[in-house]
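Q: I would like the atomic coordinates for the input below:
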Amino acid sequence: MDSNDFALLPYTKNTDFADGKVDYILTDKDRLSGRFDFQRPVVYQAPIFGAAGGPAQGAFEATGVQKTCSAGINYDHIFTPSLIAEFRAGFSHYHNNAQQSDYGTPAASDIGIPGANLDAFSSGITSMYLTGWTTPVTTPPVPLIGYIGSLPWDRAEANIDFQNTWTKTLGNHTIKWGGDFRRIRDDLVQGQTFGPRGLYTFDVPQTSIAGAATSIANSWASFLLDLPTAAAVSGSSGSGRDLVTYFPAYRASQLFVFVQDKWVATPKLTLDLGVRWEFYPPGTPHFAGGFSNYDPATNSLVIAGVGGNPSDLGMVTRYKYFAPRTGFAYRVTNSTVIRTGFGISFTPFPDNNYAYNYPIKQVNQFIQPSTQFLPALLPNGQVATFENGIPAPAPVSVPANGIFPLAGTPVANSALNYVNLNFKNPYVESWNFSIQQILRKSFTLDVAYVGNHGVDTVAQPNINAGLVIGAGTLGQPEYPRTAATTEYFEGFSSMYNALQVKLNKRLSSGFLLTGAYTLAKGMSFQRSDDGTLDFYVNVPRNYARTDFDRHHTFVSGFIYELPFGSGKRWLASGLSSRILGGWQMNGTLTLMSGLPVTLTTSAAGLNLPAATQTVNQIAPVVRPKGIGTGAFWFNPASFASPAPLTFGNTGINIFDGPHFFDLGFSLFKNVAINERFRLQLRAEAFNSTNTPQYGNPGTSMTSSTFGKVTGYCSGNCGPRDLQLGVKLLF
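A: Have a look, this model is predicted:
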């Protein structure tokens, strides 16, 4: 879609919610409480071409419904004044589904694409991506016609939690111990690559002349001639279709026990000493056959719970996850306190991705001929035209022994997932040291050093990435298999260090002020949480700043109650008190340095599958920090593409993009109705200065936007937002 095309598309969000809480004092020693919360937001975003889909200003072109409920019950019993027990049970559940605008219709069949609409899940129009006519902002990218491949989806999660905590006071010791049992249920059915209705990609080569010095070619021409490509080009995903054979369902249980002692050693010194044992048995599928794990050693798929294969895939069970916690606080004087602490925290297996290979999920990609200039082919050798349609799903036959050899099968060279059977739960070692000083006039100052060290931090590398520069596919560990094998997960390390300074003024004379500054640096082998690697030939080169690292952050806020009205300094009574009294001003200020930037170029010269290629720096980096298509944030002449078969001399996240600035302001009017009821009138302005919050410049040397800032940042980066409200307090 041409960047000049724009439409104001309908968007709605309606939310129903209900909350309830009950407290019941049974006896002087027994107390029972319970709560229940429910929400049901419904979000609708129209695509630009109505039922035919197309881009939707970065949104998901669908109706999404999420029903969320949580409930809990607490029972407390006082055995003696020095022994108290707490029993808790909780339940949380959400069910989220999203359906594209033409869900339930045989739209693909109606326009002459047989075999696309098999059931409700694969209903709707087949997607069509034309290289150069839409912006690939997702993977797969937003198509020109149709919907992103992840639509529709159906997801549900349920967590059940039982806790028991005991507290015993023994002299100057307060000892706590207890346990926590959790049951996790995670269900998700969703296509990710081509979508269940299929995707046709049209590229330039199909209407090019091979070897010609000049050639008039166009992806629109390929579309009009019905000549799709099977190769992934220009950020697209080729042509094919996703099939979901089973509803992927993950189940896991977790157990935690702990003991902790708060010891008031002296009137000035308090020690906290404790340890926690955590147990994470490997996950299992809801039904036998619900996991399918790739075994690189045998080039086969192992079906969980079938033919003697363990339902947990044979993952190693770990029993030695002990997490100590320690800390102390020392009061040097009545106005100075020193605090320090150290602790270890484990995290569970990130269960959003698991062993959901064939036959749990199927990705049927059309065949790429020997040359990219020819159109994609169906398995029977026919050209993959609209008229020939999408082939029917092949019957799934799981061998009795639960081992599915891949050699010679249609999925032999498909992208696969490998769950690491030697997986170790990642943990974080955290430490801090702080000094708190009470200053004059209700001010307090905190200065702290905070550090975190991530151990076995999870990454999802492609373990079939090329390892020999210039060798092409021959350098892939699983050759002749050349598709990606994503490992879930391999452990690496990370590091975070920060200086934190906080200045607070407690509320006095109607004025409260808080301000915090952080100087920090985060380093990791993967740029984002649970991310992949950039470099496989020289793995230590991946250790660099994370994509979300901001060196400088300053946040400040204030509350000021105007000195007019009842109980204030001026105009304490009368009509003027009612008019001018009860006013309150509030403000927040956020300043952050920019997010880091990695500069890349084409990796074709490396002849190294799955490689990332960075640029060469050939001159000092000049950063005029211009904004817009006619200016440069940095001078692209400072960089060049590396010579063939060599890596670029720049690394990951070498400098920062545009900074972030946000000033919020609000004005409240508190009106006392009677002793029980109070009305609050609110006027709020978010990004009150209407300051644009820009995104990072273009980072690919092969793009026309290289070095240019052409868009806004993601997240809370919108224009000025004014909001009026009324709140009843009682």
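Q: pretty sure residue 199 contacts residue 229?
A: No. Using Cβ atoms under 8 Å, residue 199 is not in contact with residue 229, being 11.2 Å away. Just so you know, the C-beta spots here come from the backbone N, C-alpha and C atoms, and that holds for glycine as well.
Q: which neighbours do those two share?
A: Counting by Cβ atoms under 8 Å, 6 or more residues apart in numbering, the common neighbours of residue 199 and residue 229 are 238-239.
Q: separation between the residue nearest to residue 474 when sequence neighbours are not counted and residue 607?
A: Excluding its sequence neighbours, the residue lying closest to residue 474 (Cβ to Cβ, 6 or more residues apart in numbering) is residue 468, at 7.3 Å. Residue 468 sits 9 Å away from residue 607, going by Cβ to Cβ, to the nearest Å.
Q: ends of stretch 568-580, what's the gap?
A: End-to-end span of stretch 568-580 (Cα to Cα, to the nearest Å): 11 Å.
Q: I meant to write stretch 479-495 there.
A: 35 Å.
Q: what of stretch 253-272?
A: Terminal residues of stretch 253-272 lie 29 Å apart, using Cα to Cα.
Q: now do the helices in this protein.
A: 107-110, 219-224, 575-580 (DSSP state H).
Q: tell me which strands and helices the second one is in contact with?
A: Right, helix 219-224. strand 127-130, strand 199-202 (3 or more Cβ pairs under 8 Å, 6 or more residues apart in numbering; DSSP states H and E).
Q: please compute how far that helix lies from its chain's middle.
A: Centre-to-centre, helix 219-224 and its host chain are 36 Å apart (Cα atoms, centre = their mean, to the nearest Å).
Q: which of the residues in that helix are buried?
A: Of the residues in helix 219-224, 219-220, 222-223 count as buried by neighbour count, 16 or more other Cβ atoms under 10 Å.
Q: name the residue in residue 468 and residue 607 with the higher neighbour count.
A: For residue 468 versus residue 607, neighbours defined as other Cβ atoms under 10 Å are more numerous around residue 607 (18 against 12).
Q: quick one: residue 485 and residue 418 touch, right?
A: Yes. If you go by Cβ under 8 Å, residue 485 and residue 418 touch, sitting 5.5 Å apart.
Q: mutual contacts of these two, please.
A: 294, 296, 463.
Q: and residue 161, how far from residue 37?
A: With Cβ to Cβ as the criterion, residue 161 and residue 37 are 15 Å apart.
Q: returning to that earlier point: least confident of the helices of the chain, on average?
A: Confidence, taken as mean pLDDT, is least for helix 575-580 of these (a mean of 76).
Q: gap between the residue nearest to residue 474 and residue 479?
A: For residue 468 relative to residue 479 (Cβ to Cβ), the value is 10 Å.
Q: how about residue 317?
A: Using Cβ to Cβ, one gets 34 Å for the distance from residue 317 to residue 479.
Q: which phi and psi does the residue of the chain most remote from its centre have?
A: Farthest-out residue of the chain from its mean C-alpha position, per Cα atoms, centre = their mean: residue 574, at 55.2 Å. The phi/psi pair for residue 574 (degrees, to the nearest 10) reads phi 90, psi -180.
Q: and the pLDDT for it?
A: Value for residue 574, per-residue pLDDT: 77.
Q: give me the distance between it and residue 582.
A: In terms of Cβ to Cβ, residue 574 sits 14 Å off from residue 582.
Q: in ChimeraX, select just the buried ones from the shared contacts of residue 485 and residue 418.
A: Here is the ChimeraX command that selects the buried residues among the shared contacts of residue 485 and residue 418 (16+ other Cβ under 10 Å):
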select :294,463
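Q: ok, the shared contacts of residue 485 and residue 418 vs residue 360, which is closest?
A: Distance to residue 360 across the shared contacts of residue 485 and residue 418 (Cβ to Cβ) is lowest for residue 294, with 11.7 Å.
Q: stretch 102-119: which residues count as buried?
A: Residues 102-103, 105, 107-109, 113, 115-118 are the ones in stretch 102-119 that count as buried (16+ other Cβ under 10 Å).
Q: quick one on the thing from earlier: with respect to residue 655, which of the helices of the chain lies nearest?
A: The nearest among those, by Cβ to Cβ, is helix 219-224 at 35.0 Å.
Q: got a list of contacts for that closest one?
A: Helix 219-224 has contacts (Cβ under 8 Å, 6+ apart) with 128, 130-133, 202-204, 206-207, 228-229, 375.
Q: tell me where the model's unsure across the stretch 201-350 of the chain.
A: For the stretch 201-350 of the chain, the stretches flagged by pLDDT under 70 are 210-217, 231-237.
Q: for residue 368, which non-adjacent residue is closest in space?
A: residue 230 (4.0 Å).
Q: if you could redo that for residue 336, that was the one I meant.
A: Spatial nearest neighbour of residue 336, chain neighbours left out: residue 437 (5.4 Å); criterion: Cβ to Cβ, 6+ apart.
Q: what pairs with that neighbour across the strands?
A: Taking DSSP bridges as the rule, residue 437 bridges to residue 336, residue 445.
Q: what sits against it?
A: By Cβ under 8 Å, 6+ apart, the neighbours of residue 437 are 335-336, 444-447.
Q: now with 7 Å, please.
A: 335-336, 444-445 (Cβ atoms under 7 Å, 6 or more residues apart in numbering).
Q: and residue 365, by the same measure?
A: Contacts of residue 365 (Cβ under 7 Å, 6+ apart): 230, 238, 240.
Q: put together JSON lines for those residues, with neighbour count and distance to residue 587 on each row.
A: JSON lines is the format used below for the contacts of residue 365 (neighbours: other Cβ atoms under 10 Å; distance: Cβ to Cβ, whole Å):
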{"residue": "230", "neighbour count": "23", "distance to residue 587": "56"}
{"residue": "238", "neighbour count": "22", "distance to residue 587": "52"}
{"residue": "240", "neighbour count": "26", "distance to residue 587": "53"}
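Q: thank you kindly, that will do.
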